[in-house]
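> I would like to see how this sequence folds:
(2 chains)
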Amino acid sequence: DAGVTQSPTHLIKTRGQHVTLRCSPISGHKSVSWYQQVLGQGPQFIFQYYEKEERGRGNFPDRFSARQFPNYSSELNVNALLLGDSALYLCASSLGAGTNSPLHFGNGTRLTVT
Amino acid sequence: DAKTTQPPSMDCAEGRAANLPCNHSTISGNEYVYWYRQIHSQGPQYIIHGLKNNETNEMASLIITEDRKSSTLILPHATLRDTAVYYCIVRPATSGTYKYIFGTGTRLKVLA
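Below you'll find the predicted structure:
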């Protein structure tokens, strides 16, 4: 079975540009979450979506937005990129929104902002 | 803030058991303990989770103390491929937002 897939795997952008990252969850999973991982730190929660509705948002500026589509795939958008947005962006999916089923992570998109 | 405390690093000889501790002294009755590992440049990989009983799967065993204030992840026969950062996470079974709070984890190095 396919795991969580993310695209692209690597991306280089310039300050001020906009970026869209994409995620396909494991088949049957209806919840998708996004995390940012800066080098040397643990992943930090950005968003959670369940059944196309935002269920939670971490401490990130409004430049960060996301959405979930009817097929449960998701996009993370970041506007007006800053150097500090350079990080590994991880998508994770789970069966439900509030169950104890574990999150399953993709291998991320490595974003470099120059 | 992360609700777990882990040693920053550990070494283990190849073939020996690796025992990774985690302190979660403020854990609530409905919070599960989850373990993940992250190999360089990959996403975190789910290992195991539990509530209060010990759990075992093909990857590892999870031992939770009776008071649930700490747990230990056991890799029974560590290999070089087990070298990774291991994260211990607690979260409630029911929550409006399903999110993990990651700490800095334990960097396990398996030595040949």
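> please, which helix or strand holds the residue nearest to residue A:91 when sequence neighbours are not counted?
Leaving aside its sequence neighbours, residue A:91 sits nearest to residue A:23 (CB to CB, 6 or more residues apart in numbering or on different chains; 3.4 Å). To be clear about C-beta, it is placed using only N, CA and C from the backbone, and glycine gets the same treatment. According to DSSP states H and E, residue A:23 maps onto strand A:19-24.
> name the helices or strands packed onto that strand?
strand A:5-7, strand A:10-13, strand A:74-78, strand A:87-94, strand A:109-113 (3 or more CB pairs under 8 Å, 6 or more residues apart in numbering or on different chains; DSSP states H and E).
> with just CA atoms, put it into PDB.
The C-alpha trace of strand A:19-24 is given here as PDB (Å, rounded to 0.1, in the frame of the first residue of the first chain):
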ATOM      1  CA  VAL A  19       5.000  28.200  -2.800                       C
ATOM      2  CA  THR A  20       2.400  25.400  -2.900                       C
ATOM      3  CA  LEU A  21       3.200  22.000  -1.400                       C
ATOM      4  CA  ARG A  22       1.000  19.000  -2.100                       C
ATOM      5  CA  CYS A  23       0.100  15.900  -0.100                       C
ATOM      6  CA  SER A  24      -1.800  12.700  -0.800                       C
END
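> who does the helix or strand that that strand is followed by pair up with?
Note on strand A:19-24: by DSSP H and E, the next helix or strand toward the C-terminus is strand A:31-37. Applying DSSP bridges, strand A:31-37 is found paired with strand A:44-50 (antiparallel), strand A:87-94 (antiparallel).
> compute the inter-axis angle for the first one and strand A:19-24.
Read it as strand A:44-50. Computed by axes from the mean of the first three to the mean of the last three CA atoms, to 10 degrees, the angle separating strand A:44-50 from strand A:19-24 equals 60 degrees.
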